[in-house]
Every structure is written in structure tokens, then in C-alpha cells.
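Novice: just to be clear, the model below is a prediction. Sequence and coordinates:
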Amino acid sequence: MTDTARRVADFFDRKARSFDAIYSGQKSALGRAWDRLTRRNIGQRFDFTLRALEPVAGKTVLDVGCGSGRYCVELARRGATDVVGIDLAPQMLSLARDLAAGAGVADRCRFVESDVASFTAAEPFDAVVAMGFFDYVDRPLDVLRGLRPLTRGLLVAAFPARLALRVPPRKLYLNLRGCPVYFYNAAEVRRLAEGAGFTCVSLQRRGPIYLLVAEPNDRP
């Protein structure tokens with residue numbers, strides 16, 4: 001594990017429950033109001049991903065940086081036959097396993113403590129999801145190249161926009177807590193995807209993030 005990955009893993013290990021509360025809403029009224037004001041993009045990227053992957057039934061999906069497993073569990077609930085989530089934060093993975101068990105989809109969800117460089121699969125997945133992940137990757141081209149052989153279908157990923165009002169306070173907040181964060185513009189996202197062997201199907205900006213749908217450039 002690189003030093004950057006270790007610092008990211010340590011941060012999210014500490015923040016696992018408070019981060020998952022963004023999805024569960026198990027916060028004070030003030031906390032929920034703050035999330036609606038500053039974190040609407042989290043819900044937007046969740047909905048975007050589910051739409052991009054439809055129809056989900058019968059598919060296999062890899063969720064990179066799966067966190068507390070919200071995407072994995074919902075994909076399994078919608079009929080995905082095998083969903084694998086990888087993450088470096090043990091507390092996040094613990095929450096994910098509990099969530100899958102509570103939703104009755106633990107038989108179709110697997111959660112693995114791993115980084116992309118170390119992860120292997122017997123065969124490619126039908127889709128790879130990477131939401132809230134490239135924010136914390138210091139070598140995105142290498143990571144995208146590692147993801148390329150893991151999907152025979154789509155890559156659905158988010159990249160935080162460099163020119164957004166939230167960038168300075170977010171960068172300060174995370175850096176003070178030892179967590180690095182990285183930002184992109186649209187041209188960089190396209191260049192990274194193409195450099196890793198993907199063809200850009202769509203790239204759109206939603207508030208402070210870019211949402212990418214791409215496919216392998218040799219896909220039949």
C-alpha cells in the first residue's frame with residue numbers, strides 16, 4: 001500500500017460511520033440540512049450510476065472504493081448476480097457486510113480489503129463502478145489502466161471538478177486531517193480514460209463532479 005493509499009484508508013476508517021450516515025440520514029436535523037446543502041452530488045451520482053447500469057439483472061459488478069457498500073447492496077437488490085466491493089478501510093467493509101446481511105443480499109455481495117493494484121478476478125466483470133474514488137488517487141492513469149482488464153462492459157466513474165466553489169474548503173478540511181484529495185477538468189478526464197484504453201461514451205458535469213461512462217476501446 002502506498003503512503004497516499006494508507007492515509008486515505010486511515011481517514012475513512014475513522015470516518016466510516018459518519019460517512020455512511022450521509023446515506024442513512026441517521027443524523028441530527030442540522031446535519032441532514034447540511035448534507036442537503038453541501039452533499040447533493042452524493043445522491044446524484046448514486047442515481048446516475050444505477051441508471052447507467054440498467055438493466056442490472058444478471059450482471060456482475062465490481063465497485064472500487066465501495067465504502068459502506070451502498071452501491072453494492074442496491075445493485076444486488078436490483079438483480080445483479082455477483083457484486084464485489086473492494087476498499088482499503090476495514091471499518092467501511094464491516095459496515096458493508098452488515099448492510100448486505102440486513103438487506104438479504106449477502107449471498108450476492110462480497111467485500112474484499114484490497115487496492116486495485118493487488119486485486120485480481122478470474123474473469124472480467126460486466127461493469128466497474130468507481131464513485132467517490134478518484135478523489136483520492138494520486139496516479140489515476142495507472143489505476144484506470146488497472147481497471148481496464150477488469151471490465152468487459154462499462155466503467156462508471158466520478159471525478160471531482162477542479163473549478164468548483166467547494167474545492168478550497170474541502171481541500172483544507174481533508175489535508176488538515178491527513179487525507180490527500182485531487183481534482184480534474186473535463187479534458188483531463190477524457191485524456192485519462194483514453195490513455196487507459198477506454199472510449200468515452202458520455203461525460204457530463206453535475207455540480208462539483210464529472211460523471212464518466214466509458215467502455216473498453218476494443219469492446220465488440
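Specialist: Happy to help now that I have it.
Novice: so where's the protein shaky on pLDDT?
Specialist: Along the chain, segments meeting pLDDT under 70 span 22-41, 220.
Novice: mind listing the helices for it?
Specialist: 3-14, 16-24, 29-38, 40-53, 70-77, 90-103, 140-147, 167-176, 186-195 (DSSP state H).
Novice: buried residues in the fourth one, which are they?
Specialist: Neighbour-count burial for helix 40-53, with 16 or more other CB atoms under 10 Å as criterion, is recorded at 41-42, 45-46, 48-50, 52-53. All C-beta atoms are positioned from the backbone trio N, CA, C, and that covers glycine.
Novice: check the offset of it from the chain's centre.
Specialist: 11 Å (CA atoms, centre = their mean, to the nearest Å).
Novice: who touches that helix?
Specialist: With CB atoms under 8 Å, 6 or more residues apart in numbering as the test, helix 40-53 has contacts from 22-23, 35, 56, 59, 61, 70-71, 74-75, 78, 127, 129, 131-132, 154, 156, 158, 206-209, 211, 213.
Novice: ok, the fifth one next?
Specialist: Residues outside helix 70-77 that contact it (CB under 8 Å, 6+ apart): 20, 23, 46, 49-50, 53, 56, 59, 61, 63, 66, 83-85, 96, 99-100, 103, 105, 108-109, 111, 129, 131.
Novice: and residue 104, what are its phi and psi?
Specialist: In terms of degrees, to the nearest 10, the main-chain angles of residue 104 are phi 80, psi 20.
Novice: for residue 43, see how far away it is.
Specialist: Distance, residue 104 to residue 43, using CB to CB, to the nearest Å: 23 Å.
Novice: and if you look at residue 209?
Specialist: Residue 209 is 12 Å from residue 43, by CB to CB.
Novice: quick one, which of the contacts of helix 70-77 are buried?
Specialist: 20, 23, 46, 49-50, 53, 56, 59, 61, 63, 66, 83-85, 96, 99-100, 105, 108-109, 111, 129, 131.
Novice: so which of the buried residues of helix 40-53 comes closest to residue 92?
Specialist: residue 42 (14.9 Å; CB to CB).
Novice: could you check how far that closest one is from residue 158?
Specialist: For residue 42, the distance to residue 158 equals 10 Å [CB to CB].
Novice: list residues touching both of those two?
Specialist: Common neighbours of residue 42 and residue 158 (CB under 8 Å, 6+ apart) are residue 132.
Novice: what's the burial count for residue 107?
Specialist: Residue 107 has 11 neighbours, counted by other CB atoms under 10 Å.
Novice: centre-most residue in this structure?
Specialist: residue 131 (2.4 Å; CA atoms, centre = their mean).
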